[in-house]
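*Asks:* here is a sequence together with a model predicted from it:
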Amino acid sequence: MAAASKIDGQENPVSSYMDGQDKVIATAQQIIKSLATDESAAEDMLRILSGFDNRFSSINHLFPSSSSSTSDNNNLLIEELVDDGSNDDDERPDRPEQHVIDEGGGEDDDDNDGLSEIEIRLEEAERLISRWDSDSLLFESSTEDRFDYLSAVDDAIAVAADESSSAAVRCKAEVLIQIAMARLEDEFRHLMIRNTSPLDAAGLHGSMRRTDSCENDQVDDNVDDNSADNDYSSSSSHHQRQESTSIDEKTCRLSISKEQQEFDLIHPEAVADLREIAERMISAEYHKELCQVYSSVRRDTLDECLSVLGVDRMSIEEVQKIEWKILDDKMRKWIQALRVVVKVLLSGERRLCETIFALSDELADECFAESSKGCVMQLLNFGDAIAIGRRSSEKLFRILDMYDALLEVMPELKELFGSDFIVVEAEDILVRLGEAVKGTINEFANAVQKETSRKALPSGDIHPLTRYVMNYVKLLVEYSGSLDSLLDDGDFNGDDDANSDESRSPLGCRLRLLISYLESNLEEKAKLYEDAALQYIFLMNNRLYIIQKVKGSDLGKFLGENWVRKRRGQIRQYHNSYLRASWTRALSFLKDDGMSGAGSVSIGGASRVTVKDRFKNFNLAFEEIYKTQTTWKVPDPQLREELRLSTSEKIIPAYRSFMGRFGGQLETARHAGKYIKYSPEDLESHLLELFEGTTALSNHPRRKLSS
């Protein structure tokens, strides 16, 4: 028989039709056997089914009949119904039983075939429900047609719920309801799809742009920080905090205003129609079908929203393989998308569910959960992948932004989902993001402490590590609220520099520890310079840079005045040590010690030869220092001037005094200019050229004087 259903390997249309007909009849047979409990009910069932499809007229032999007369009556009824089915509803001949209803709608007790008021209502409902075929849409027709159809559905639902009606009548109502529900489900789906608001970037990113206006993109440092030899510049991009938690934080978080929260997920004019349909399906207890059609459409829409917001569906493995630059962009988009999804889309989705499913709070909750869980879980899965991923210092501030964003929307998530597993999962991921923050800070501290690069900057300038660490800790302060709740202060108490609540806080203790690691590392790096004077220039430059970063930000209140005062005292010590290391030898040639001795000419106990040697040696020492220290760099103008001034105060008076006492001895000597090459004013002018970081050979003083 199976082979007969195909002809030459092709599907036999006749056989297929017969198979389909068999299935239809088998279904009808099952309905009748289940619902038709007596002869009268069976007859009614046959009449109802035949009215929808004349194929059912062939199953009259299934009726429980005790006499041939009943069978004959059934056959006669079948023929009549088949004929009726070929005519338009409005042209159907009145059935005999319709003429026995009195004017008051009552049933004629003398005629068993008379119809009750309920049956009349059901007949009218049948006429209205069955006239809509699958090719036309009810909610694209006239308002009057919609009203009539929905009224017919209401009547069918009322009859089905009326226990005073016979089983046959209720059975007929149930069949009508089933047909109507299939129709309304299709109408519901069509209305939702057709009336979903456009998912373009302009619509969804409107709220994102308002959020972005609160971002405080901070420049890492001034132009001098972007040095060409900065080994750490490739990782400096994380120094731009995209989501500010500064004074404007509250303004930023309130920027998703009522205007944004009223973003129409579905065109308002369609919501009323959807509610009309939902009310009928709820009344008919078609909750499951209604939830399925709603959640399937809205789930796809919310997934598309994520795509428009730049959030792609990715596995944990895929997230962990992405290079940092791309991952950083995805993390930034995730932060923005999370806020928009929770504060705008899901809030709107909740209101939409509560409006459409106003008859059932339980169904509203179920539909909201089913439609939005996938969207939220996609966001949470990305957050989880970041939290458990490889830790690196450049990720810290993005992870903190993610932590803050998730912490910010937690109240809304709890309000939207209650005690659902979504909230539990979000809380777990928040904890894991916090652990990632703490772990990253600890690893950063270890990296600063153990950084062992052996590259010394020839000019003694600010080391890239100093810039990197200070920019890093400066940004940590902007997350003080989050970090103070995340960091453990158990290992960092008892610091004598802590003279305020902020400096005693977990973040204050951690900041002092990080900077102490940096300072210790700089002390070691200073030893890379063979010239002791350059060691002190290097230490002064870097220590002053640290102080300036502290004074120019909120770091000061976390480190304390005592901390700053100690560092300024260290800079003064480095300054004095520089003067001794640089100028002690040159100054030794301007002292009176050893000026008496043998010579061809002696004046005042000092030989001319000795005087010549002193001037000659001083000139050589000064020129060597000048040649070297004009290549050294002191970027801070104030420190540079202080160093020049203190050097002049030591050198110029000593040179002027020595020249006044012994310069006269060489006035009559041949080639006097060979020994007295500089006036005090010349020396002072040359000292003003120190610490410019110049590498040109033309800066040699002899070359300038001869030009």
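*Replies:* That came through fine.
*Asks:* ranges for the strands of the protein?
*Replies:* Secondary structure of the chain (DSSP state E): strands located at 6-7, 10-11, 602-603, 606-607.
*Asks:* which of those has the lowest mean pLDDT?
*Replies:* Between those, the one with the least mean pLDDT is strand 6-7; it has a mean of 38.
*Asks:* buried set for stretch 299-319?
*Replies:* R299, T301, L302, C305, L306, V308, L309, G310, V311, M314, V319 (16 or more other CB atoms under 10 Å). C-beta coordinates here come from the backbone N, C-alpha and C atoms, glycine included.
*Asks:* of those, closest to Q336?
*Replies:* The nearest member of those to Q336, counting by CB to CB, is L309 at 7.0 Å.
*Asks:* got any ranges where this structure has weak pLDDT?
*Replies:* 1-115, 133-135, 199-264, 489-503, 594-606, 668-672, 695-707 (pLDDT under 70).
*Asks:* how about a cut-off of 80?
*Replies:* 1-119, 130-136, 140-142, 165, 197-265, 419, 488-504, 593-606, 665-673, 695-707 (pLDDT under 80).
*Asks:* follow-up on the earlier one: can I get the buried residues of stretch 299-319 in TSV with distance to L338?
*Replies:* Formatted as TSV, those follow (distance: CB to CB, whole Å):
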residue	distance to L338
R299	18
T301	18
L302	13
C305	12
L306	10
V308	14
L309	9
G310	12
V311	9
M314	15
V319	15
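*Asks:* for those residues, which two are the farthest from each other?
*Replies:* Applying CB to CB across the buried residues of stretch 299-319, the maximum distance is between T301 and V319, 24.6 Å.
*Asks:* just the buried residues of stretch 299-319: which are in helices?
*Replies:* R299, T301, L302, C305, L306, V308, V319 (DSSP state H).
*Asks:* tell me which of those residues is nearest to A532?
*Replies:* Nearest to A532 among these: V319, at 51.1 Å, using CB to CB.
*Asks:* what sits closest to that closest one if chain neighbours are left out?
*Replies:* Spatially, and ignoring its direct neighbours in sequence, V319 is nearest to A385 (3.8 Å; CB to CB, 6 or more residues apart in numbering).
*Asks:* now for that neighbour, how many residues are close by?
*Replies:* Neighbour count of A385, defined by other CB atoms under 10 Å: 19.
*Asks:* residue ranges for the helices of the stretch 601-707 of the chain, please.
*Replies:* Ranges of helices in the stretch 601-707 of the chain, per DSSP state H, counting those that start in this stretch, are 608-629, 637-662, 680-687, 701-706.
*Asks:* show me what the third one is packed up against.
*Replies:* Spelled out, that is helix 680-687. helix 608-629, helix 637-662, helix 701-706 (3 or more CB pairs under 8 Å, 6 or more residues apart in numbering; DSSP states H and E).
*Asks:* out of the ones you listed, which is the most enclosed?
*Replies:* helix 608-629 (a mean of 18; mean count of other CB atoms under 10 Å).
*Asks:* that one to helix 680-687, inter-axis angle?
*Replies:* Per axes from the mean of the first three to the mean of the last three CA atoms, to 10 degrees, the angle that helix 608-629 makes with helix 680-687 is 20 degrees.
*Asks:* and the angle from helix 608-629 to helix 637-662?
*Replies:* 170 degrees.
*Asks:* which elements pack onto helix 608-629?
*Replies:* Using 3+ CB pairs under 8 Å, 6+ apart: helix 608-629 touches helix 561-588, helix 637-662, helix 680-687, helix 701-706.
*Asks:* what are the buried residues along the first one?
*Replies:* In terms of neighbour count (16+ other CB under 10 Å), helix 561-588 has its buried residues at 563-564, 567, 570-571, 574-575, 577-579, 581-583, 586-587.
*Asks:* using CSV, write out every CA atom in stretch 282-302.
*Replies:* Presented in CSV, the C-alpha positions along stretch 282-302 are these (Å, rounded to 0.1, in the frame of the first residue of the first chain):
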residue,chain,number,x,y,z
ILE,A,282,-6.9,34.3,28.1
SER,A,283,-10.7,34.0,28.6
ALA,A,284,-10.6,30.8,26.5
GLU,A,285,-7.7,29.5,28.6
TYR,A,286,-5.3,29.5,25.6
HIS,A,287,-2.5,30.9,27.8
LYS,A,288,0.2,28.6,26.5
GLU,A,289,-0.4,29.3,22.9
LEU,A,290,-0.6,33.1,23.6
CYS,A,291,2.7,33.0,25.5
GLN,A,292,4.4,31.0,22.7
VAL,A,293,3.4,33.4,19.9
TYR,A,294,4.3,36.5,21.9
SER,A,295,7.6,35.3,23.2
SER,A,296,8.8,33.9,19.9
VAL,A,297,8.2,37.2,18.1
ARG,A,298,9.6,39.4,20.9
ARG,A,299,12.6,37.2,21.6
ASP,A,300,13.7,37.5,18.0
THR,A,301,13.2,41.3,18.2
LEU,A,302,15.2,41.7,21.3
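*Asks:* can you tell me what sits against that stretch?
*Replies:* 153-154, 157, 160, 177, 180-181, 185, 188-189, 192-193, 196, 199, 265, 278, 281, 341, 345, 349, 353, 356-357, 359-360, 363, 366-367, 370-372, 374-375 (CB atoms under 8 Å, 6 or more residues apart in numbering).
*Asks:* please repeat the previous calculation with a cut-off of 7 Å.
*Replies:* Residues outside stretch 282-302 that contact it (CB atoms under 7 Å, 6 or more residues apart in numbering): 157, 177, 181, 185, 188-189, 192-193, 196, 278, 281, 345, 349, 359-360, 363, 366-367, 370-372, 374-375.
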